[in-house]
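*Asks:* okay, structure incoming, though there's no sequence with it:
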């Protein structure tokens, strides 16, 4: 089966000015490659500063990589830092839903913006689609007219999910999207994500430090340390026989 | 004797649309050297209770309690001056958001050295200065900060959230307090440093006989080493008792839901199968339901649940529910 997302030798370096003339290069990611099949989940774990969030931003197109390719469904969408299509097929959900939604717009306007900038749909079609997506993530049609401050944290994460799903993406990047939620709300959100995956064959890139959640949700696992892949394999296998020092340390605690 | 003994603690907020009761008649008692966990989701009033004990709540909140005894002294009846002195001597607290709780205008060294008690240092001015420097260094090392020189010489905004958290812990343990209240001390930390912090608190508890009141919304972190657990929901104490009992044989539907929502403990759950979760979300403080506040979300709710259930106690296990779980099992097994 052809993988839906394929990442080949991704490199990323940050340039920092030191003094007046000197520049320092800080490599954040070196030689990252992995595959993700349809309806599968890959988990990315690692300590802080391992480059997890940078990888998420690269995948979602918020930042450009230095070298390396990102292939979606067999076609190259990013080649050596040049991106062809923006934010349509790979969508991202951020850590803190209270801060990632515009407080000045209603939920309907937030979702409508996504559609009007990215699609050719008419006004009526857009409204229909928004209503459909709101129901799919477990909210009501009436929430169209609500502002973000009128929701609780768990509901806001559903709104963020609706914003990600509205463009019918193939891959969803969850950057610590579940860690700020309360346990019972988190269980609800995980259930929703798993149900969506079963229905539509959505693929997830799950970035978290919650190991038990990784074990439960993911099919394959990528362990990063200082920007390098130290371990990559099936989740169950990596958990059963960790080879790298980092993974052993993460499991021992 | 109990170190801390609280009975019927109620915290209210008077507003234009009536009084909001954020914490409703909570009982809590703690012996010396014990580790207690206060568990609940956001908005359940955990932090309010902690702040009420230390006495740093805003003046808008109305705090009442039948008794709030610290080693036999009623904190509620003390004048504020005396209370502050007593509390600052024996109780230390780690606040939730470290980068916001530290002073942004002072360097870390000044802030940590400020929390070292003056009477523990001896000698003249110069000797004391040297001693203080040493103590700060030792404290920073103790909480696992390796490059103490750089950290001590920087302002809070220059440091990461995790390091700020560690600095807060260092400041809290500087006085060797009898009780440490830790309000979600590990939310900003990743798993390896989190384990480090827990090991540190554990060793302080065992070596110095320090009591710890751990506040957290992550059940699995604290179950392994706390003696007792208190579960809060929307300001009501739903269940309290020895950790093992509460965790392995919960009597309240809410506690059961919390335990079942943990992937590691939900036994027999297949890969990618959905979790057991309560319907709905936590009600906001303005729209609290009457009676048992879990009522609208509870799978076993019945007509009686509109009356607030009384706290019942059996074998040191307190619960507040009209229809506790596991009742029928006893009838099935007459021995």
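*Replies:* Great, that's in hand. Everything quoted here is computed from the prediction, not taken from an experiment. Numbers count the residues shown, from 1 in each chain, chains lettered A, B, ... in the order given.

*Asks:* residues from chain A in reach of chain B?
*Replies:* Within chain A, the positions adjacent to chain B are A:47-48, A:152-155, A:182-188, A:190-191, A:194-195, A:197, A:209, A:211-213, A:215-217, A:249-250, A:253 by CB under 8 Å from any CB of the partner chain. (Each C-beta comes from the backbone N, C-alpha and C, glycine too.)

*Asks:* which ones among these are found in strands?
*Replies:* When strands are assigned by DSSP state E, not one member of the residues of chain A next to chain B lies inside them.

*Asks:* which of those residues are buried?
*Replies:* By the neighbour-count criterion of 16 or more other CB atoms under 10 Å in any protein chain shown, those include these buried positions: A:47, A:152-155, A:182-188, A:190-191, A:194, A:197, A:209, A:211, A:213, A:215-217, A:250.

*Asks:* can you pull out the strands in the chain?
*Replies:* I went with chain A, as the question did not name one. According to DSSP E, chain A carries its strands in the segments A:5-18, A:22-36, A:41-45, A:67-72, A:75-79, A:82-83, A:90-93, A:171-175, A:203-207, A:220-225, A:228-234.

*Asks:* the chain in question should be chain B.
*Replies:* With DSSP E as the criterion, chain B has strands spanning B:2-15, B:18-31, B:35-39, B:62-64, B:67-70, B:73-74, B:91-94, B:179-183, B:211-216, B:228-233, B:236-242, B:312-314, B:317-319.

*Asks:* lowest average pLDDT across those?
*Replies:* Among the strands of chain B, strand B:312-314 carries the lowest mean pLDDT, at a mean of 79.

*Asks:* run a quick neighbour tally on the nearest residue to residue A:36 once chain neighbours are set aside.
*Replies:* If the residues on either side of it in the chain are set aside, residue A:36 comes closest to residue A:5, at 4.2 Å by CB to CB, 6 or more residues apart in numbering or on different chains. Residue crowding around residue A:5 was assessed by other CB atoms under 10 Å in any protein chain shown; the count is 24.

*Asks:* ok, now residue B:262?
*Replies:* Other residues close to residue B:262 by other CB under 10 Å number 21.

*Asks:* and it, how far from residue B:229?
*Replies:* Using CB to CB, to the nearest Å, one gets 14 Å for the distance from residue B:262 to residue B:229.

*Asks:* excluding its backbone neighbours, what's nearest residue B:173?
*Replies:* Distances taken as CB to CB, 6+ apart put residue B:204 closest to residue B:173, at 6.4 Å, once the chain neighbours are dropped.

*Asks:* no, scratch that, I was asking about residue B:233
*Replies:* With CB to CB, 6+ apart as the criterion, residue B:233 has its nearest non-adjacent residue at 5.1 Å, and that residue is residue B:254.

*Asks:* who are the neighbours in contact with that neighbour?
*Replies:* With CB atoms under 8 Å, 6 or more residues apart in numbering or on different chains as the criterion, the residues that contact residue B:254 are B:231, B:233, B:238-239, B:278, B:294, B:298.

*Asks:* now do residue A:147, the pLDDT please.
*Replies:* In the predicted model, residue A:147 carries a pLDDT score of 90.

*Asks:* actually residue A:86, not the one I typed
*Replies:* 61.

*Asks:* what does residue A:66 give?
*Replies:* You'll see residue A:66 listed with a pLDDT of 83.

*Asks:* just the one 10 residues further on next, same as before
*Replies:* Residue A:76 is assigned 81 on the pLDDT scale.

*Asks:* correct me if wrong: it contacts residue A:70.
*Replies:* Yes. With contact defined as CB atoms under 8 Å, residue A:76 counts as touching residue A:70 (7.4 Å).

*Asks:* between the two, which is the more surrounded one?
*Replies:* Regarding residue A:76 and residue A:70, a neighbour count based on other CB under 10 Å identifies residue A:70 as having more, with 20 against 13.

*Asks:* is that one bridged to anything, and to what?
*Replies:* Beta bridges link residue A:70 to residue A:7, residue A:78 when assigned by DSSP bridges.

*Asks:* list the contacts for the most centrally placed residue in chain B?
*Replies:* In chain B, the C-alpha nearest the mean C-alpha coordinate belongs to residue B:215, at 2.4 Å (CA atoms, centre = their mean). Contact criterion CB under 8 Å, 6+ apart gives B:37-38, B:46-47, B:50, B:181-184 as the residues in contact with residue B:215.

*Asks:* the residue in the stretch 101-250 of chain B positioned nearest to chain A: neighbouring residues, count only.
*Replies:* At 3.6 Å from chain A, residue B:195 is the closest residue in the stretch 101-250 of chain B, using CB to the nearest CB. Other residues near residue B:195 number 17, with proximity taken as other CB under 10 Å.

*Asks:* go on, the one 10 residues further on?
*Replies:* Taking other CB under 10 Å as the criterion, the count of residues near residue B:205 is 19.

*Asks:* in contact with it, which residues?
*Replies:* B:33, B:35, B:211-212.

*Asks:* mind checking which of the residues you listed are buried?
*Replies:* Using 16+ other CB under 10 Å as the burial test, the contacts of residue B:205 include B:35, B:211-212 as buried.

*Asks:* how about these in CSV, adding distance to residue B:16?
*Replies:* Putting those into CSV (distance: CB to CB, whole Å) gives the following:
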residue, distance to residue B:16
B:35, 41
B:211, 40
B:212, 39
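
*Asks:* who's in contact with the residue of the stretch 1-150 of chain B found nearest chain A?
*Replies:* Of the stretch 1-150 of chain B, the residue with the smallest distance to chain A, taken as CB to the nearest CB, is residue B:41 at 3.8 Å. By CB under 8 Å, 6+ apart, the contact list for residue B:41 reads A:182-185, B:217, B:233, B:282.

*Asks:* sitting in helices, which of those residues do you find?
*Replies:* Assignment to helices by DSSP state H places the following of the contacts of residue B:41 there: A:183-185.

*Asks:* could you chop chain B up by domain?
*Replies:* Following automatic domain parsing, one finds the domains of chain B at B:2-226, B:252-335.

*Asks:* of those domains, which shows the lowest average pLDDT?
*Replies:* Lowest mean pLDDT within the domains of chain B: domain B:252-335, a mean of 73.

*Asks:* what about the residue lying closest to residue A:157 once chain neighbours are set aside, how many neighbours?
*Replies:* Leaving aside its sequence neighbours, residue A:157 sits nearest to residue A:97 (CB to CB, 6+ apart; 4.6 Å). Burial of residue A:97 is recorded as 24 neighbouring residues (other CB under 10 Å).
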